[in-house]
Structure formats: structure tokens, C-alpha cells
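Chemist: One predicted model, sequence on top.
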Amino acid sequence: MTLYLDLSALQSVPAANLNRDDLGSPKQVRYGNAFRIRVSSQSWKRVIRLGVEQDLGERAARTRLVPAKVQRALENTG
């Protein structure tokens, strides 16, 4: 017998339409016996990135720019 573990997380957010479809209606998903507002992973990633930027006091680097930044840092340290 194979066992599966399915984890879901529900996050409370203030009243806002975080994701909208092409008609401007909030995206929803049926979870349990209720419709819930759907929040994309892209929305969460943006919030996390902005929080990190605020905490560090600098803009987050795009992943494609990291090699150039590492190269500059290595050259500056000799």
C-alpha cells in the first residue's frame, strides 16, 4: 500500500483582489465547501522579493545578473 501526504496552506490576507482574470473578476478556487480567492505563486514571490529588498535596503538582483555581480566582487577582492 502506498501512502501519499497532501499538504495545503491557507493564508489569510486583507480584503483585496490579488488576482483577476481577463474580465477583471477575482480568480477563485473551490476549496472544501467554499470558494476562496486564488493567489498565484507569482504574487507571493513578488511580495517576498519586495520584503527582502526593504529589509536589505537594496533592490533584488535578477538571477541572470548574478554571474556578473559575482565576477565583479571576485575582481574587486583580487
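Modeler: Noted; the coordinates are in hand. Numbering: from 1, shown residues only.
Chemist: pLDDT wise, what is T77 at?
Modeler: Model confidence at T77, given as pLDDT, is 92.
Chemist: go on, N17?
Modeler: With respect to pLDDT, N17 scores 60.
Chemist: And L74, by the same measure?
Modeler: In this prediction, L74 has a pLDDT value of 93.
Chemist: same question, A9
Modeler: A9 carries a pLDDT value of 67.
Chemist: By mean pLDDT, point me to the weakest helix or strand of this protein.
Modeler: Lowest mean confidence among the helices and strands of the chain (mean pLDDT, DSSP states H and E): helix 41-56, at a mean of 79.
Chemist: Does R36 lie in a helix or a strand, and which?
Modeler: In this assignment (DSSP states H and E), R36 forms part of strand 34-37.
Chemist: thinking R20 is in contact with P26, fair?
Modeler: Yes - A contact is recorded between R20 and P26 when judged using CB atoms under 8 Å, the distance being 6.0 Å. (Glycine included, C-beta is placed from N, CA and C.)
Chemist: Which one of the two is surrounded by more residues?
Modeler: Just comparing R20 and P26: by other CB atoms under 10 Å the higher neighbour count belongs to P26, 13 against 10.
Chemist: Phi and psi next, for the more buried one.
Modeler: As for P26, its main-chain torsions (degrees, to the nearest 10) stand at phi -60, psi 140.
Chemist: What of the one 5 residues further on?
Modeler: With angles defined as degrees, to the nearest 10, Y31 shows backbone torsions of phi -130, psi 120.
Chemist: What count of nearby residues applies to V47?
Modeler: So V47, with other CB under 10 Å, has 13 neighbours.
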